[in-house]
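S.K.: This is the structure alone, sequence omitted:
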């Protein structure tokens, strides 16, 4: 059991960061966007700010909390004997669940840009997208898409 514990810990922490972050990129299109006409407007970046996107977990938060509870329970079960061991197991499981959820949440944060663009028509918009390409204030860009699905793309 003691040899299995490090494997469980490593496996849980590895899987906890399995959020799909691709949709937050300006370089990735969904299947629905492919072969669909996208509107394009032009503008200039007037402000940039580093932010983070809290991505949703594919497992809905169950992997971090559940894995943490199992690991915490296993660790707690190694302490004491009798009813003390049972209490330690329960406390370990509860503590592990909380810790595992926090680890999963923090591993699903994505570095992003908050990009303010003054469009050529004078209107200003702010778009947040994954920081997977370099931007700078004063740069000309294209805004591709509309509504809740707009990407900032270098011009």
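M.R.: Sure thing, it's come through. Quantities reported herein were computed from a predicted structural model and do not represent experimental measurements.
S.K.: For the protein, just list every one of the helices.
M.R.: Secondary structure of the chain by DSSP state H: the helices cover 4-16, 62-76, 82-107.
S.K.: Break the chain into its domains for me.
M.R.: Annotated domains of the chain cover 1-21+59-108, 37-52+110-155 [automatic domain parsing].
S.K.: With respect to the ones you listed, which exhibits the lowest mean confidence?
M.R.: Among the domains of the chain, domain 1-21+59-108 carries the lowest mean pLDDT, at a mean of 60.
S.K.: Quick check: phi and psi at residue 135.
M.R.: Backbone torsions for residue 135, taken as degrees, to the nearest 10, come to phi -130, psi 160.
S.K.: Could you double-check that it lies in contact with residue 113?
M.R.: Yes: with contacts counted by Cβ atoms under 8 Å, residue 135 reaches residue 113, the gap being 6.0 Å. The way it works is simple: take the backbone N, C-alpha and C, and place the C-beta from them, glycine included.
S.K.: out of these two, which sits in the more crowded spot?
M.R.: Neighbour count, other Cβ atoms under 10 Å: between residue 135 and residue 113, residue 113 has more, with 22 against 17.
S.K.: Correct me if wrong: that one contacts residue 128.
M.R.: Yes: applying Cβ under 8 Å as the test, residue 113 and residue 128 come out as touching, 7.0 Å apart.
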